[in-house]
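A structural model of the following input is requested.
(one chain, ligands or ions: 1)
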Amino acid sequence: MSRGRENIGFIGLGNMGGRMAARLLSAGLPLVVYDVRTDAAFALAALGARRAGSPREVAQQCDIICTSLPGPQQAAAVFLDGDGVVAGVAPGAVCIDFTTNAPAVVASIAAKLRSAGAELLDAPVSGGVEGARNGSLTVLVGGSEAALQRCRGVLEAVAAAVIHVGKTGDASICKLLHNCAVFCANLATMECLTVGVKAGVAADVLIDVFQKSGLGRNLDLQVAMPATLFQGNFEPRYSMELAYKDMSLAVELARQCEAPMEMAERCQREMAEAVARGWAGRDNTIFLTLREERTGVQVRQTPKTPEPAL
Ligand code: NAD
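I've put the predicted structure just below:
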């Protein structure tokens, strides 16, 4: 069945969602937005979006409703509260949850949407704020093929790769385990870099070697760490609080499956210490400075000077 021009909703306009919503607008899609931070909604309204007063109002006006929220608690509230998406959604609508969410919460939201005649795709993303800004995210999708095909225009406006991984909830499992592997790899990387500096090699040299060797084909080592940790700048691109949430959800998933996860538990403890020090709102790479503290060295890169204009 061919549908007319569908109205798109976007709830959660933060570091990722704000940039993704801006891309949908520049692709010419009609957008209705909501965020508890009214300034975030006004910023999108200035680009042509319509503002709604609640998640329910977004759902009442839209055929496809996107969410990009901090985590399971906020996602449950946005969908299931009295003024939430489920209370306003029309039969036939599809929700795309870009949140890195807990599989159990995804399942309960999907069940409530199903009772209302709507469908959920869990669609966590990878690629950071640059990917969100330039539409080069990788999006993992769990849900029906029909819902995915219907949402393809929206997904392809924000992502360079759309991977259909299976049924609703499977994408969240893939995403949590991927992020868990990234944080463990970052911790191992920093353990080695601090030892290298302590052993007498310049941080600039070590970073260059790591970036140009096998480990280097890694977005964190190529983009995230040079913009944050290696400059000692912890303005949040991906906050410590959200990274710790992802890690804790992955460890919890392993517990539910009765699978051992020793490295992840070690990394989670390091992240818990960073949060306990009051660093929740800083960039997640700040937890790696605990390695520096324990080794008594810093791993900082000389800022690159721009090429002179010819
Ligand atoms: P963020 O904290 O910057 O943005 C979340 C937004 O949700 C904020 O604008 C907040 O005001 C809004 N919000 C919170 N509760 C709300 C509610 N009840 N109703 C409406 N809006 C509400 O987070 P982010 O960095 O944009 O991340 C969003 C999701 O994407 C998270 O699940 C995160 O784990 C995931 N993620 C982030 C990155 C990254 O690099 N930042 C990369 C991949 C995935």
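
ok, now how distant is residue 147 from the ligand?
20 Å (Cβ to the nearest ligand atom, to the nearest Å). Any C-beta I mention is one placed from the backbone N, CA and C, and that applies to glycine too.

Might you report the residue contacts of that residue?
By Cβ atoms under 8 Å, 6 or more residues apart in numbering, the contact set of residue 147 is 94, 119, 121.

Residue 81 now?
Residue 81 neighbours (Cβ under 8 Å, 6+ apart): 55, 87.

follow-up on the earlier one: tell me which entries of the contacts of residue 147 lie within helices.
With helices defined by DSSP state H, no entry of the contacts of residue 147 lies inside them.

in the protein, which spans are strands?
Remark: strands assigned in the chain by DSSP state E are 8-11, 31-34, 50-51, 64-67, 94-97, 119-122, 125-126, 137-142, 159-166.

which one of these has the most crowded surroundings?
strand 8-11 (a mean of 30; mean count of other Cβ atoms under 10 Å).

Just checking: what are the partner strands of that one?
strand 31-34 (parallel), strand 64-67 (parallel) (DSSP bridges).

Need the strands of the chain in a markdown table (columns: distance to the ligand and mean pLDDT).
As requested, those are exported to a markdown table (distance: least, Cβ to the nearest ligand atom, whole Å; pLDDT from 0 to 100):
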| stretch | distance to the ligand | mean pLDDT |
| --- | --- | --- |
| strand 8-11 | 5 | 98 |
| strand 31-34 | 6 | 98 |
| strand 50-51 | 12 | 98 |
| strand 64-67 | 8 | 98 |
| strand 94-97 | 9 | 98 |
| strand 119-122 | 11 | 98 |
| strand 125-126 | 5 | 96 |
| strand 137-142 | 8 | 98 |
| strand 159-166 | 12 | 98 |
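
Include distance to residue 194 when you put those into CSV, please.
Formatted as CSV, the strands of the chain follow (distance: least, Cβ to Cβ, whole Å):
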stretch, distance to residue 194
strand 8-11, 41
strand 31-34, 43
strand 50-51, 47
strand 64-67, 39
strand 94-97, 38
strand 119-122, 37
strand 125-126, 27
strand 137-142, 30
strand 159-166, 34
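
still on that earlier bit, among the contacts of residue 147, which one sits closest to residue 103?
Of all the contacts of residue 147, residue 103 sits closest to residue 121, with 13.9 Å by Cβ to Cβ.

Quick check: that closest one touching residue 139?
No - counting by Cβ atoms under 8 Å, residue 121 does not reach residue 139; the two are 9.4 Å apart.

Show me what from the stretch 51-200 of the chain comes close to the ligand.
68-71, 74, 77-78, 99-100, 125-126, 128-129 (Cβ under 6 Å from any ligand atom).

Identify the farthest-apart pair in those residues.
Greatest spatial distance among those (Cβ to Cβ): 77 and 128, at 25.4 Å.

For residue 247, which non-adjacent residue is spatially closest?
Nearest residue to residue 247, sequence neighbours excluded (Cβ to Cβ, 6 or more residues apart in numbering): residue 268, at 4.9 Å.

Which pLDDT does the model give the one you found?
On pLDDT, residue 268 comes in at 98.

do the same with residue 306
66.

go on, residue 6?
Value for residue 6, per-residue pLDDT: 88.

quick check: longest helix of this protein.
Assignment by DSSP H; longest helix in the chain turns out to be helix 170-198.

Tell me which residues of it come out buried.
By neighbour count with 16 or more other Cβ atoms under 10 Å, helix 170-198 contains the buried residues 170-180, 182-187, 189-190, 193-194, 196-197.

Show me what the least confident helix or strand in the chain by mean pLDDT is packed up against.
For the chain, using mean pLDDT, DSSP states H and E, the weakest element among its helices and strands is helix 219, scoring a mean of 90. Packing contacts for helix 219, counted by 3 or more Cβ pairs under 8 Å, 6 or more residues apart in numbering; DSSP states H and E, involve no helix or strand.

Need the contact partners of that helix.
By Cβ under 8 Å, 6+ apart, helix 219 touches 127, 128.
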